[in-house]
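Participant: sequence first, predicted model second:
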Amino acid sequence: DAGVTQSPTHLIKTRGQQVTLRCSPKSGHDTVSWYQQALGQGPQFIFQYYEEEERQRGNFPDRFSGHQFPNYSSELNVNALLLGDSALYLCASSLVDRDYGYTFGSGTRLTVV
Amino acid sequence: GENVEQHPSTLSVQEGDSAVIKCTYSDSASNYFPWYKQELGKGPQLIIDIRSNVGEKKDQRIAVTLNKTAKHFSLHITETQPEDSAVYFCAANSNTGGFKTIFGAGTRLFVKA
């Protein structure tokens, strides 16, 4: 049973560019949450998607946007990249309202230069 | 806003000793408290969780306790082994304030052989 799959694993971008990160949830899960994890810190909530809608959003600017597709996979888009956006971006899947525990992917390491 | 504080940030123990990590949360509506283990290059993995209607839960060498009055919860690892070395995160979730899970800053556990 495949867990959460994220792509790419590593990415280097230049300031001002745009990036798209992808996530396939664990089989049977319908909810996808995205987190940003800076080096040495805990994951920070970006937003959560369910039924192709943004269900809740954390304290991140509008440069961060997302999408969920009918097959439950999801994308995270970041526009106008800043150096401070360099981090590990984690995707977590779960089953809405029945399983609060997350299954995390291994993340995408984004470096902005 | 919601906040989860975690202590200590670093913990070093001898193999076979016990390790205790403590967390406090601010949102009194929090009702689910998962713990995650993150190994180098991987995403966090759920290792144990506790709900607000339970005071203690144990799974082999791992136990969690919850004091709702004091808004404290703790992770106890007994008979530590070198493979327990990792970063541990506590987290709190409230489905009344939204659906996001708030993470602590993490504890880096070193188990010396």
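Facilitator: Everything's here; your move. Residues are numbered from 1 along each chain as shown, chains lettered A, B, ... in the order given.

Participant: so where's the chain shaky on pLDDT?
Facilitator: Unless you meant another one, I'm taking chain A. Scanning chain A for pLDDT under 70 picks out A:1-2, A:98-100.

Participant: you answered for a different chain; I wanted chain B.
Facilitator: For chain B, residues meeting the criterion pLDDT under 70 lie at B:1, B:95-98.

Participant: ok, now which ones touch whichever residue of chain A sits closest to chain B?
Facilitator: At 3.4 Å from chain B, residue A:104 is the closest residue in chain A, using C-beta to the nearest C-beta. In this view, the C-beta of every residue, glycine as well, is placed from N, C-alpha and C. If you count contacts by C-beta atoms under 8 Å, 6 or more residues apart in numbering or on different chains, residue A:104 has them with A:4, A:90-92, B:36, B:43-45.

Participant: the longest strand anywhere in chain A and chain B in contact?
Facilitator: The strand spanning the most residues in chain A, taking DSSP state E as the definition, is strand A:87-95. Yes - using C-beta under 8 Å from any C-beta of the partner chain, we find that strand A:87-95 touches chain B at A:90, A:92.

Participant: name the residues of that strand that are buried.
Facilitator: A:87-94 (16 or more other C-beta atoms under 10 Å in any protein chain shown).

Participant: same question, stretch A:20-29
Facilitator: Burial within stretch A:20-29, assessed by neighbour count using 16+ other C-beta under 10 Å, is assigned to A:21, A:23-26, A:29.

Participant: Serialize the residues you listed to JSON lines and add fields for secondary structure and distance to chain B.
Facilitator: Shown next, in JSON lines, are the buried residues of stretch A:20-29 (DSSP: H, G, I helix; E, B strand; the rest coil; distance: C-beta to the nearest C-beta, whole Å):
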{"residue": "A:21", "secondary structure": "strand", "distance to chain B": "13"}
{"residue": "A:23", "secondary structure": "strand", "distance to chain B": "11"}
{"residue": "A:24", "secondary structure": "strand", "distance to chain B": "13"}
{"residue": "A:25", "secondary structure": "coil", "distance to chain B": "13"}
{"residue": "A:26", "secondary structure": "coil", "distance to chain B": "12"}
{"residue": "A:29", "secondary structure": "coil", "distance to chain B": "13"}
